[in-house]
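Visitor: sequence and predicted structure below; questions after.
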Amino acid sequence: KNQVEQSPQSLIILEGKNCTLQCNYTVSPFSNLRWYKQDTGRGPVSLTIMTFSENTKSNGRYTATLDADTKQSSLHITASQLSDSASYICVVRDYGNNRLAFGKGNQVVVIP
Amino acid sequence: NAGVTQTPKFQVLKTGQSMTLQCAQDMNHNSMYWYRQDPGMGLRLIYYSASEGTTDKGEVPNGYNVSRLNKREFSLRLESAAPSQTSVYFCASSEERSGVHWETQYFGPGTRLLVL
């Protein structure tokens, strides 16, 4: 079973609207949780990183939240732009073996 | 500063052919990684190199070999390609240090491989 589950698998939103992506994980203990953005045909790029003691982290119009008790994270995109069309990947680092567990990604399409 | 570069960008192979995917980074990072990404699946680690001179298996190492040529370069070799190895391959690097778990992995642009 995948240790990192993301939902929704894909969504289409209108330019200017907000959206929220979900990440549930079972990795325990974990050292950090990171959100990556992957544009089509490109490699992933880190957006935010949070440790277990952090609840929220922002990067421009991207805001990530973390609830370590329920093992849930979300990525909120505010006032979406066409350039936000991408896959957003949730990645959790396992503190025990220092390995990364990758989610399958949330595919976001922003339409004008 | 090019970051992580990969060659080639695209490749088509016939079953049984061999090839080497090249990766180089100019950030002076200690650690380098090879991943594959398939539709509907998350990135999966093939091999990694924590430092120059060391390599270790990841989640899906079968059918692959790697060489950490020097601190900058980390190559991935398919000795006898199979259709199941059709995928997009990403190389990444990071500044891993013992006991530090903050590091960011920087990814290359990927190599798209089709095995017929």
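Guide: It's in.
Visitor: count of neighbours near the closest residue to B:Ala2 other than its chain neighbours?
Guide: Spatial nearest neighbour of B:Ala2, chain neighbours left out: B:Asp26 (5.6 Å); criterion: CB to CB, 6 or more residues apart in numbering or on different chains. All C-beta atoms are positioned from the backbone trio N, CA, C, and that covers glycine. Around B:Asp26 there are 12 other residues, counting by other CB atoms under 10 Å in any protein chain shown.
Visitor: next: A:Leu33.
Guide: 27.
Visitor: same check on B:Gly53?
Guide: B:Gly53: 9 neighbours (other CB under 10 Å).
Visitor: could you find the closest non-adjacent residue to B:Phe90?
Guide: B:Tyr35 (4.6 Å).
Visitor: er, A:Ser7 actually
Guide: A:Gln22 (4.8 Å).
Visitor: find the nearest non-adjacent residue to the closest residue to chain A within chain B, please.
Guide: Using CB to the nearest CB, the single residue of chain B nearest to chain A is B:Phe107, 3.0 Å away. The shortest distance from B:Phe107 to any residue other than its chain neighbours is 3.0 Å, reached at A:Gly43 (CB to CB, 6+ apart).
Visitor: so the one you found is in which element?
Guide: If you go by DSSP states H and E, A:Gly43 is not part of any helix or strand.
Visitor: any idea how far B:Cys23 is from it?
Guide: 11 Å (CB to CB, to the nearest Å).
Visitor: residues shared between the contacts of the two?
Guide: Taking CB atoms under 8 Å, 6 or more residues apart in numbering or on different chains as the contact criterion, the common neighbours of A:Gly43 and B:Cys23 are B:4, B:108.
Visitor: residues near A:Asn18, how many?
Guide: Neighbour tally, A:Asn18, other CB under 10 Å: 11.
Visitor: ok, A:Ala68 next?
Guide: 18.
Visitor: likewise for A:Ser74?
Guide: By other CB under 10 Å, 17 other residues sit near A:Ser74.
Visitor: surely it and A:Gln22 touch.
Guide: Yes. Using CB atoms under 8 Å, A:Ser74 is in contact with A:Gln22, at 5.5 Å.
Visitor: confirm that the residue nearest to B:Phe90 sits in a helix.
Guide: No. Per DSSP: H, G, I helix; E, B strand; the rest coil, B:Tyr35 lies outside any helix segment and is strand.
Visitor: close enough to count as contact, it and B:Ser93?
Guide: No. Applying CB under 8 Å, one finds B:Tyr35 not in contact with B:Ser93, separated by 11.8 Å.
Visitor: distance of the residue of chain B closest to chain A from A:Val110?
Guide: For B:Phe107, the distance to A:Val110 equals 22 Å [CB to CB].
Visitor: quick one: which of these two has more around it?
Guide: Between B:Phe107 and A:Val110, B:Phe107 has the larger neighbour count (other CB under 10 Å), namely 24 against 20.
Visitor: wait, the more buried one touches B:Phe90, no?
Guide: Yes. With contacts counted by CB under 8 Å, B:Phe107 reaches B:Phe90, the gap being 5.2 Å.
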